[in-house]
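Q: turn this into a model:
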Amino acid sequence: MQTGKRVYPRQREPGKWVSYLLLFLSAVVVLSGLVSRGGDLTIQPVPTATPIPTDAYFDETVEEREITLPSATWYALQLGAFESETAAEELAQQFIRRGAAGYVWHDGRYRTLAAVYPTREDAQAVREQLSDAHSVDSYLYQIDLPALHLLMKGMKGQLDILEAAFAHANDLVAQLQAASVAMDRQEMSGEEASQLLIGLGEQVETVTLRLRQRFSVPRHQTVEGLIACFEDYGAFLETLDDADSDATFGMKLKRQTLSTLDHLKSVYDALGNT
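A: Residues are numbered from 1 along each chain as shown. Below is the predicted model of the structure:
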């Protein structure tokens, strides 16, 4: 037996105890997560400025501006004129079934109109065709948009869009009328006409939006009149159906040409009477 040998106590290994402790704490965290299932989680977006399209901004500088609305004259084929709206509508329905516009125009009397043309010669030529080929008597009804010289005062951005709206409204009548004639002459298919009308609708929608944005309620009657004109066109687009025959499509197009012109004339008349 050996004597005098020193026996040292065995050193502990603290690293293992730390590992055990960490594993235990991790298990507690995991189990806690399984029980609560993230009940204390919150997600909240940070507030940001509302984005506004660049083209929605406009110059708010107040100014005066003089503009001239050029005159225009249109020639409609009148099928009849009545004191009674009911009588005019009855005649209109008869001609709608035959592919005419059958639009009732009111100017103190109720006039049933078949179509409208930019020149007297164009209208007269179609009038003669109706008489010779279909034994339909008609008369020329002249629709005048008088030249107006206007002095406007408002924000520059308001006057810009108002001036543009007048140009769009006049162009809309001309484009619709031209498309109607092209379809009658079989120079434009229904599909081509549809694409044209949709494109015009997109332009009109943008102008209407800008008018609403830049003029607060109550709006001037001129602004309301132009908005009504453009909204009427938007409603017309909703009536178009791929199943429409060319005759039905042409009838709708003729009616809308007269309807847009009717709205625009109301705006001109109101301005002329102020």
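
Q: only C-alpha atoms for contact and neighbour calcs from this point on.
A: Fine.

Q: what segments of the stretch 51-200 of the chain are strands?
A: 62-69, 72-82, 103-106, 110-117, 139-145, 148-155 (DSSP state E, counting those that start in this stretch).

Q: winner for burial among those?
A: Among the strands of the stretch 51-200 of the chain, the stretch with the highest mean neighbour count (mean count of other CA atoms under 10 Å) is strand 110-117, at a mean of 26.

Q: what's the average pLDDT for it?
A: For strand 110-117, the mean per-residue pLDDT is 98.

Q: just give the closest residue to Asp137, not the sequence neighbours.
A: Ser131 (5.7 Å; CA to CA, 6 or more residues apart in numbering).

Q: quick one: pLDDT of the one you found?
A: 94.

Q: swap in Val35?
A: In this model, Val35 carries a pLDDT of 40.

Q: the one 3 residues further on now?
A: In the predicted model, Gly38 carries a pLDDT score of 44.

Q: now do the contacts for Ser138.
A: 77-80, 127, 131 (CA atoms under 8 Å, 6 or more residues apart in numbering).

Q: pick out the residue closest to the middle of this structure.
A: Nearest to the geometric centre of the chain sits Glu205, at 2.4 Å (CA atoms, centre = their mean).

Q: what about that residue, helix or strand, and which?
A: Using DSSP states H and E, Glu205 sits within helix 190-214.

Q: tell me the helix or strand right after that helix.
A: By DSSP H and E, the next helix or strand past helix 190-214 is helix 221-239.

Q: in the helix or strand that that next one is followed by, what counts as buried?
A: Once helix 221-239 ends, the next helix or strand along the chain (criterion: DSSP H and E) is helix 246-272. Of the residues in helix 246-272, 246-268 count as buried by neighbour count, 16 or more other CA atoms under 10 Å.

Q: burial count for Glu191?
A: When neighbours are defined as other CA atoms under 10 Å, Glu191 has 11 of them.

Q: output the below-cut-off pLDDT ranges for the stretch 1-150 of the chain.
A: 1-56 (pLDDT under 70).

Q: for it, which segments count as helices?
A: Applying DSSP state H, counting those that start in this stretch to the stretch 1-150 of the chain gives helices spanning 14-36, 85-96, 120-134.

Q: which pLDDT value does the model give the residue nearest to the centre of the chain?
A: 95.
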